[in-house]
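# Build me a structure from this.
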Amino acid sequence: MRVATKINLAILSTVVCAVVLVLGNLFILSEQFKSLEQSKKAQDITRLSSSLLVLAQEYVLFKSPSVADAWLRTQEELERLIQSTVNASVVPQELSDIQSSLAELKPIFNELNKRELPGNNSAVFLQRRESLIVERLIAETQVISELGYQWAAQVNNAQAGNLKGLTLLESVGLGGFIVVIALLVVLMRTGVLNPLAKLKRAADEIRNGNEDAVCEINTNDELGDVSKAVNQMAHNLAHKNRRLREANARVEMASQAKTEFLSNMSHEIRTPLNGIVGLTYLLKDTSVSNNQKLLLESLEKTSRNLIDLVSDVLDISKIEAGSMELEFKSFSTLEFIDKVSGIMTGAAASKPIELIIEPPGDLPPELIGDELRFRQIVVNLVGNAIKFTQLGYVHLLLQVVFVQGSVCRLRVEVRDTGVGISPQGQANLFRQFQQADTSVAREFGGSGLGLSLVKKLVELMNGKLGFSSELGQGSTFWAELEFEVPQGVSPALTKTGDSLLLVSESELQIKALQSASKLVGRNLLTAGSFDEARKLMANTQNVVGIVLDFPKRKVDRLAWLEFVKAMDLTGVPCAVLLGSDDTRRLLDKGLNEIFTAIYVKPLTPLQLQNAFKSTVPNLVARKNAETTAHKKMNLLIVDDSELNLKVLEGILMRKQANITKANNGLEALSFLLQYGHGFDAVVMDVQMPLMDGLEATRELRKPAFNADLPVIGLTGEVGPGDEKRALEAGMNAVLHKPLQPEDLMQLLNKLVKPANTE
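You can find the predicted model right below:
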């Protein structure tokens, strides 16, 4: 029998038994109600017949009219009650006799009430007549009372019999229902529940890893089919598990082989690279020209970067093997901050947020530790803050917790005004993180490090990691790390005699740059407005330059022009400090050509240290150069990479050209938008932060005097659409990296007019 049939049979049997039991109870209740009604009527008949007898006796004694009226009412009520009790088809003998007696009783009572009789009757006759009527009345009334009692007794006996029969019937029905339910329970237990219990035991054994578990259910129903399916599934699962174990063993062997291969290859690659670095270092100490020394330094730096990249590949295998070790070498804290700043600027190039780095004034200039891992930690925290911050600021705060002997403990805090983290997100924060910034991953070995690995690195460096965040209110991530301080390193630099003036409305920016200037030994004056800056300049003699923080609010172009020109008349140059999204606003206001230098936030300690120490060639200097060397080409080279600028400069020196360098498109425009700039050609990188080469070319083409200026683009992209976009932007030609010097020379000879060449 199928399980469905068993369940349907159980349901049907239960329903039938329940219906029969309910109908039987209803029948029993109806019969009980009928018996109760008959019993009540019998009691009423008995009561009324007794009252009729009592009233008859009372009337005989007192002859009261009120008693007579009561007797008549009782007799009529009794008559109506018997009439309503009598069934038309079946009339009990007692009720029939009571009806007959009542019919005879009323005339007798009426005879008793007659006061006068026709004729002359003697007193003895009247007395004898009344005595006979009274006897007859009393006798008939007693008969009615006895018949009422007999009827009541008969009704009670019938009710008792019915109750016994109904009780027996209900007991039989309930017993049958119990028997049916018991049979159904046995059927469900043996046919359904026991097989299900066997299935559960077999499933538990399979779940616990018993691959030989078998479910023994030999029935021809659905449970038997499920049992067969479970046994087949267990067999298939055991087979797949065996294959998985074999595959896992092969994967482990392959992983071990890959780890060994990466380790061996990294060693084989690093060995000749180390030789290159060493030979370069030795070659620098020989008699070489300054130009050769610069090239050797660039070669050494490039080789070391390649070594770092190969080391990162090796670190991947070490992480997988659980044997990652930290490096301990000396590194410059100022250069570290400068590198982190470059990554921060690139990551936030398209967002209207303010980037701030605030170093402590007592930060040691050098530390010993794993600089690469330290940078990975900081850049990941900063990049995460930039990713989830749309407005406001991202503030990197460095603090010296303590310096004890040769141990320095640093605290790194990254504060932002981003979206914050919900309590649910905080619970799994260090277990779920995805790095989406591919440029950061490329810079640090392409690891794609997330917060989980950051936590591991912090713990490996004997540090601590924590955070505080509120949804919609921003976040603060902090890490405390320990480094060694090299012996004999001074914690502070000697202050120079000159001063810089910072004009800014941002308290955070002012506080951060004051700490940075203290770190590099420069005196920084601050002002919140142009008026305050003028007052300071009137009372200060040694200000060598002014840094103007470009405001987020509306810019008064005339006020800026007036201030910068007034300072220029006093011989004090002005530089502008831009946010990541202020480039277009500066161009729209036409203010880019009035500044000596353009800085992008965050302004690092190294930039503060070197600010205004070398002046960019201005228009007058270039004109003087033209008069002394009118046969040389004046070239402007633009690239965000200092190494690329050195390479370009070295190549173009073969043409004996006058070279002017710019680090981005915006800085290039500060030269090219001036009438009579004197440049014969521009060699410009296409991909640059702040303003790329395409946008800079479109801007420089707007003035008529730049319509024929040759612009050569340099790009690392190789797609056909990239060259097309560069030509559409106004470039004359595009060269692909790595650059071939002969191609650049040939192109310059083609584009630059012969009158200006050698």
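# What is the subsequent helix or strand relative to the one helix or strand in the chain whose mean pLDDT sits lowest?
One helix or strand of the chain scores below all others by mean pLDDT, DSSP states H and E: helix 438-443, with a mean of 38. Moving toward the C-terminus from helix 438-443, the next helix or strand (DSSP states H and E) is helix 451-460.
# Past that following helix, which element shows up next along the chain?
strand 464-469.
# Tell me where the stretch 401-550 of the chain is predicted with low confidence.
Scanning the stretch 401-550 of the chain for pLDDT under 70 picks out the ranges 430-450, 453, 489-497.
# all strands of it, in order?
In the stretch 401-550 of the chain, the strands defined using DSSP state E, counting those that start in this stretch lie at 407-416, 464-469, 475-484, 499-503, 523-527, 543-549.
# would you turn those into TSV with mean neighbour count and distance to D204?
Glycine gets a C-beta too; all of them are placed from N, C-alpha and C. Supplementary listing: the strands of the stretch 401-550 of the chain in TSV, determined by neighbours: other C-beta atoms under 10 Å; distance: least, C-beta to C-beta, whole Å:
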stretch	mean neighbour count	distance to D204
strand 407-416	20	50
strand 464-469	16	42
strand 475-484	20	45
strand 499-503	21	73
strand 523-527	19	73
strand 543-549	22	70
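# Out of those strands, which is closest to E354?
E354 sits nearest to strand 543-549 of all those, at 9.5 Å, using C-beta to C-beta.
# What lies in contact with that closest one?
498-506, 509, 513, 525, 533, 536-537, 560, 563-564, 567, 572-577, 595-596, 599, 603, 611-612 (C-beta atoms under 8 Å, 6 or more residues apart in numbering).
# pLDDT of the helix or strand following that strand, averaged?
Counting by DSSP H and E, the next helix or strand C-terminal to strand 543-549 is helix 557-569. When pLDDT is averaged over helix 557-569, the result is 89.
# Could you check how far L244 is from E211?
Distance, L244 to E211, by C-beta to C-beta, to the nearest Å: 12 Å.
# same check, this time on E695
66 Å.
# neighbour count winner among the two?
E695 (18 against 13; other C-beta atoms under 10 Å).
# tell me the phi and psi of the more buried one?
Torsion angles at E695 (phi, psi; degrees, to the nearest 10) stand at phi -70, psi -40.
# got it, and the one 10 residues further on?
With angles defined as degrees, to the nearest 10, F705 sits at phi -70, psi -10.
# Run a quick neighbour tally on it.
Residues near F705, counting by other C-beta under 10 Å: 13.
# Now do the contacts for it.
Contacts of F705 by C-beta under 8 Å, 6+ apart are 675-676.
# okay if I get the strands of the stretch 401-550 of the chain as a markdown table plus distance to N231?
Listed next are those as a markdown table, based on distance: least, C-beta to C-beta, whole Å:
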| stretch | distance to N231 |
| --- | --- |
| strand 407-416 | 58 |
| strand 464-469 | 51 |
| strand 475-484 | 54 |
| strand 499-503 | 81 |
| strand 523-527 | 82 |
| strand 543-549 | 77 |
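# N156 is nearest to which of these?
Nearest to N156, of those and by C-beta to C-beta, is strand 464-469 at 87.9 Å.
# Quick one: the helices in the stretch 601-750 of the chain, in order.
605-610, 619-628, 642-652, 665-672, 693-700, 720-729, 741-751 (DSSP state H, counting those that start in this stretch).
# so how far is the first one from its chain's centroid?
Translated: helix 605-610. Helix 605-610 sits 41 Å away from the centroid of its parent chain (C-alpha atoms, centre = their mean, to the nearest Å).
# tell me which residues in that helix are buried?
Going by neighbour count (16 or more other C-beta atoms under 10 Å), the buried part of helix 605-610 is 605-609.
# Can you tell me which of those residues comes closest to N663?
Ranked by distance to N663 (C-beta to C-beta), the buried residues of helix 605-610 are led by Q607 at 11.3 Å.
# The closest one against V600, yeah?
No - using C-beta atoms under 8 Å, Q607 is not in contact with V600, being 9.5 Å away.
# Sketch out the low-pLDDT regions of the stretch 201-350 of the chain for me.
In the stretch 201-350 of the chain the weaker segments, taking pLDDT under 70 as the threshold, are 258-282, 284-295, 297-298, 300-324, 346-347, 349-350.
# so how far is the longest helix along the chain off the chain centroid?
Assignment by DSSP state H gives helix 123-188 as the longest helix of the chain. Centre-to-centre, helix 123-188 and its host chain are 82 Å apart (C-alpha atoms, centre = their mean).
# now do stretch 660-674
With C-alpha atoms, centre = their mean, you get 44 Å for stretch 660-674.
# do stretch 672-687 as well
For stretch 672-687, the distance to the chain centre is 49 Å (C-alpha atoms, centre = their mean).
# buried sites along that stretch?
Quick answer for stretch 672-687 (16+ other C-beta under 10 Å): 672-674, 677, 679-687.
# Please apply the same query to stretch 735-751.
735, 744, 747-748, 751.
# just stretch 99-106 next, same as before
For stretch 99-106, burial by neighbour count (16+ other C-beta under 10 Å) applies to 99, 101-102, 105.
# and which of those is nearest M253?
Q99 (115.3 Å).
# Quick one: low-confidence residue ranges for the stretch 651-758 of the chain.
654-655, 716-720, 738, 754-758.
# can you give me the helices in the stretch 301-450 of the chain?
Using DSSP H, counting those that start in this stretch, helices in the stretch 301-450 of the chain cover 333-347, 371-387, 423-427, 438-443.
# can you list residues touching both of Q607 and V600?
Here Q607 and V600 share no contacting residue, scored by C-beta under 8 Å, 6+ apart.
# can I get the buried residues of helix 605-610 in a markdown table with pLDDT and distance to A234?
Shown next, in a markdown table, are these (pLDDT from 0 to 100; distance: C-beta to C-beta, whole Å):
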| residue | pLDDT | distance to A234 |
| --- | --- | --- |
| P605 | 91 | 68 |
| L606 | 88 | 68 |
| Q607 | 86 | 70 |
| L608 | 88 | 72 |
| Q609 | 87 | 73 |
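# on that earlier part again, what's the closest of the helices of the stretch 301-450 of the chain to G175?
Across the helices of the stretch 301-450 of the chain, closest to G175 is helix 423-427 (C-beta to C-beta), at 59.9 Å.
# Quick check: buried residues in that closest one?
Those would be Q426, for helix 423-427 by 16+ other C-beta under 10 Å.
# which residues touch it?
Contacts for helix 423-427 (C-beta under 8 Å, 6+ apart): 467, 469, 471.
# Over to stretch 10-30?
With contacts defined as C-beta under 8 Å, 6+ apart, stretch 10-30 is touched by 166, 169-170, 173-174, 176-177, 180-181, 183-184, 187-188.
# Taking these, please make a PyMOL selection of just the buried ones.
Typed into PyMOL, the line below selects the buried ones among the contacts of stretch 10-30, using 16+ other C-beta under 10 Å:
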select buried, resi 166+173+177+180+184+187
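# which of the contacts of stretch 10-30 lies closest to L451?
M188 (55.2 Å).
# That closest one and S13, how far apart?
Separation of M188 from S13 (C-beta to C-beta): 11 Å.
# Kindly report the same for K164.
29 Å.
# Between these two, which has more neighbouring residues?
Shown here are K164 and S13; by other C-beta under 10 Å, S13 has more neighbours (16 against 10).
# N156 reaches K41, doesn't it?
No - with contact defined as C-beta under 8 Å, N156 does not reach K41; the gap is 12.0 Å.
# more crowded one of those two?
K41 (18 against 15).
# Q75 is in what secondary structure piece?
Q75 is located in helix 65-85, with elements delineated by DSSP H and E.
# any idea how far that helix is from the chain center?
Relative to its chain's centre, helix 65-85 lies at 92 Å (C-alpha atoms, centre = their mean).
# Only the C-alpha atoms, please, for that helix, written as CSV.
C-alpha atoms of helix 65-85 as CSV (Å, rounded to 0.1, in the frame of the first residue of the first chain):
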residue,chain,number,x,y,z
PRO,A,65,-65.8,32.5,46.1
SER,A,66,-62.1,33.2,45.6
VAL,A,67,-61.3,29.5,46.3
ALA,A,68,-63.9,28.6,43.7
ASP,A,69,-62.3,30.9,41.1
ALA,A,70,-58.9,29.4,41.9
TRP,A,71,-60.3,25.9,41.5
LEU,A,72,-61.7,26.7,38.1
ARG,A,73,-58.4,28.3,36.9
THR,A,74,-56.5,25.3,38.1
GLN,A,75,-58.9,22.9,36.4
GLU,A,76,-58.6,24.8,33.1
GLU,A,77,-54.8,25.0,33.3
LEU,A,78,-54.6,21.3,34.0
GLU,A,79,-56.9,20.6,31.1
ARG,A,80,-54.8,22.7,28.7
LEU,A,81,-51.6,21.1,29.9
ILE,A,82,-52.9,17.6,29.3
GLN,A,83,-54.2,18.6,25.9
SER,A,84,-50.8,19.9,24.9
THR,A,85,-49.1,16.7,26.3
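# That'll do, ta.
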